[in-house]
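[1] model this:
(4 chains)
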Protein chains: 2
Amino acid sequence: MGTKHSGSPGDVWLRPPARAAREAPPLSRDRIVAEAIALLDEEGADRLTMRRLAERLGTGSTTLYWHVKTKNDVLDLALDAIFAAVEIPRADGQDWRAGITALISGWRAVLLDHPWSAALLGRPMLGPNVLARSEFLYATLLDAGVTEPHLTAAAYGLSNYVIGSALMQATWTAGEGQATRAAAQERFRADRDRYPVLAAHGPLASDSDWDTSFALGLSWLLDGVHATVEEASSRGRGSSGK
Amino acid sequence: MGTKHSGSPGDVWLRPPARAAREAPPLSRDRIVAEAIALLDEEGADRLTMRRLAERLGTGSTTLYWHVKTKNDVLDLALDAIFAAVEIPRADGQDWRAGITALISGWRAVLLDHPWSAALLGRPMLGPNVLARSEFLYATLLDAGVTEPHLTAAAYGLSNYVIGSALMQATWTAGEGQATRAAAQERFRADRDRYPVLAAHGPLASDSDWDTSFALGLSWLLDGVHATVEEASSRGRGSSGK
DNA sequence: CGGGGAACGGATCATTGATCCGGTCCCCGA
DNA sequence: TCGGGGACCGGATCAATGATCCGTTCCCCG
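    Modelled structure (predicted):
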């Protein structure tokens, strides 16, 4: 007896000097989220498990639950964290259109940089980064003279458009989406008589196609918003009512 | 020995007359999908498990794998199946705008009728129902005189817009989304100084708000598409090129 | 009527999210 | 200086789930 206690992990002399293991910062919620993002970027959404994440952090899987309540928390935190990279244009009173375009484009870029995020869009986004950018969007529109119900419609329309676009592109572009697209093209050709138009104008091929399509749709939306402002102001001046 | 063979399920006399169990149709892929949709509608996406699905069908869970390769297959099939409810307007050459509006609105209605579908939008949709409706969309736009690159941009823009809108609304409307929205409103009020505009123009409240916002954004997109056609045709007539 | 493929399901496995509970580390006050 | 307690960690373990193995039953066709 004495050689083998119940919980002692080996002989004293073999244990590290009790401080070596502390070289790394003591695991924080931030480190967990950062590592989760790295893991998601490298391996995709379905490869993220608490065990794997813990392993990459050099800790036990159960330790994570001290800093985070559930796996969903990790996902929510990761999702909000990536939006920190979206620069918020400074409000300049003029040229609201440029500001909004920049914001929305940045939003899209982030979603495409982290394709796993698209699959997570179906959850409430209430993190500080997302809210700050929504606030900017609303404020800018309001400042531009957009009034209800156009204000809400514009904010939601723009958000929904980016989300949908990123979701679609991530689906067909990321990971095995590439292979799927090839198979789809093949299928269109096979069912050429059933889907003649689709067979001719197949799925988007190059990145630039995605980009120009996105830009066009965005400009249409912004034109629409612009028109409501024009109409309101001209009516305000008392000229043409309709 | 003799009373208890290895695999025989009880005494012969206790077994049903070997035909009673066959009153129900013999389990087909279609029945599985239909039941899956019912289950999803009633209990949501995360409650769908192969076991529970099998139980509702009165079969063993492993039997499902004879008709379907994976659970993902079930989801893909269910997702495509619900779009059968979207009526395809008959092509009438005139008034392409009405046709597209009808299609897109029907699309949205289906997504909202089955809120679980929103979470599944991040996968390739290549089922026959989806393809047929995409074909109609492309064909109608083409017929209306929309040309590349506006054609692709219009088709994708419209699709993305519906998808994003439905995803967003389902997130905040379905199930616990309601509760979340209340909490969100609360939070805006608390952080009033950080999110002044959001606090004032809170999340959408009534269904009609969602509807009108959606309709407005859709009309802006269609206006944009319409403008490209106008411009092309006027340029064709050789009048004002700009 | 008998063979064979279609259809079925019990037992079982690996993975994963989450919890229990006991151990370790470190700061802070007496 | 010392000891108590809270922050932090992780091995063992549980329940749920997707999926497979393999033996059994059903039923059509020659």
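
[2] wait, does stretch A:42-53 contact DNA strand C?
    Yes: contact between stretch A:42-53 and DNA strand C, assessed by CB under 7 Å from any atom of the strand, occurs at A:47-52. C-beta coordinates here come from the backbone N, C-alpha and C atoms, glycine included.

[3] for stretch A:29-39, same thing?
    No: on the criterion CB under 7 Å from any atom of the strand, stretch A:29-39 is out of touch with DNA strand C, staying 11.0 Å away.

[4] show me which positions of that stretch end up buried.
    A:32-33, A:35-37, A:39 (16 or more other CB atoms under 10 Å in any protein chain shown).

[5] restrict those to those near DNA strand D?
    Subset of the buried residues of stretch A:29-39 in contact with DNA strand D: empty, counting by CB under 7 Å from any atom of the strand.

[6] and the closest residue to A:Ala84 other than its chain neighbours, how many neighbours?
    Spatial nearest neighbour of A:Ala84, excluding adjacent residues (CB to CB, 6 or more residues apart in numbering or on different chains): A:Asn129 at 4.9 Å. Residues near A:Asn129, counting by other CB atoms under 10 Å in any protein chain shown, number 18.

[7] what does A:Lys69 give?
    Residues near A:Lys69, counting by other CB under 10 Å: 9.

[8] if we can go back for a sec, farthest-separated two in the residues of stretch A:42-53 next to DNA strand C?
    Across the residues of stretch A:42-53 next to DNA strand C, the longest distance by CB to CB is 11.9 Å; it joins A:Arg47 and A:Met50.

[9] just the element for A:Val74, please.
    helix A:71-82 (DSSP states H and E).

[10] how about that helix: buried residues?
    A:73-82.

[11] between the residues you listed, which sits nearest A:Thr62?
    Nearest to A:Thr62 among the buried residues of helix A:71-82: A:Val74, at 14.0 Å, using CB to CB.

[12] domains for chain A, by residue range?
    A:13-68, A:86-174+A:206-236 (automatic domain parsing).

[13] lowest mean pLDDT across these, which one is that?
    Of all the domains of chain A, mean pLDDT reaches its minimum on domain A:13-68 (a mean of 83).

[14] how about it against chain B, any contact?
    No: remark: domain A:13-68 sits outside contact range of chain B, by CB under 8 Å from any CB of the partner chain, the gap being at least 9.2 Å.

[15] list the buried residues in stretch A:144-154.
    For stretch A:144-154, burial by neighbour count (16+ other CB under 10 Å) applies to A:144-146, A:150-154.

[16] and those residues near chain B, which?
    A:150-154.

[17] make CSV out of the residues of stretch A:42-53 next to DNA strand C and add secondary structure and neighbour count.
    Formatted as CSV, these follow (DSSP: H, G, I helix; E, B strand; the rest coil; neighbours: other CB atoms under 10 Å in any protein chain shown):
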residue, secondary structure, neighbour count
A:Arg47, helix, 12
A:Leu48, coil, 18
A:Thr49, coil, 12
A:Met50, helix, 18
A:Arg51, helix, 11
A:Arg52, helix, 14
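
[18] thinking again about what came up before, how about the buried residues of helix A:71-82, which pair is most distant?
    Between all members of these, the farthest pair (by CB to CB) comes out as A:Asp73 and A:Ile82, at 15.5 Å.

[19] returning to what we had before: now tabulate the domains of chain A in TSV and tack on distance to B:Ser208.
    Converted to TSV, these look like this (distance: least, CB to CB, whole Å):
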stretch	distance to B:Ser208
domain A:13-68	35
domain A:86-174+A:206-236	10
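
[20] out of those, deepest packed?
    domain A:86-174+A:206-236 (a mean of 19; mean count of other CB atoms under 10 Å in any protein chain shown).

[21] which residues of chain A fall in strands?
    With strands called from DSSP state E, chain A shows none.

[22] residue nearest the middle of it, spatially speaking?
    A:Leu111 (3.7 Å; CA atoms, centre = their mean).

[23] check contacts around it.
    A:117-118, A:121, A:162-163, A:166-167, A:170 (CB atoms under 8 Å, 6 or more residues apart in numbering or on different chains).

[24] was I right to think A:Gln185 contacts A:Pro203?
    Yes: under the criterion of CB atoms under 8 Å, A:Gln185 makes contact with A:Pro203 at 6.3 Å.
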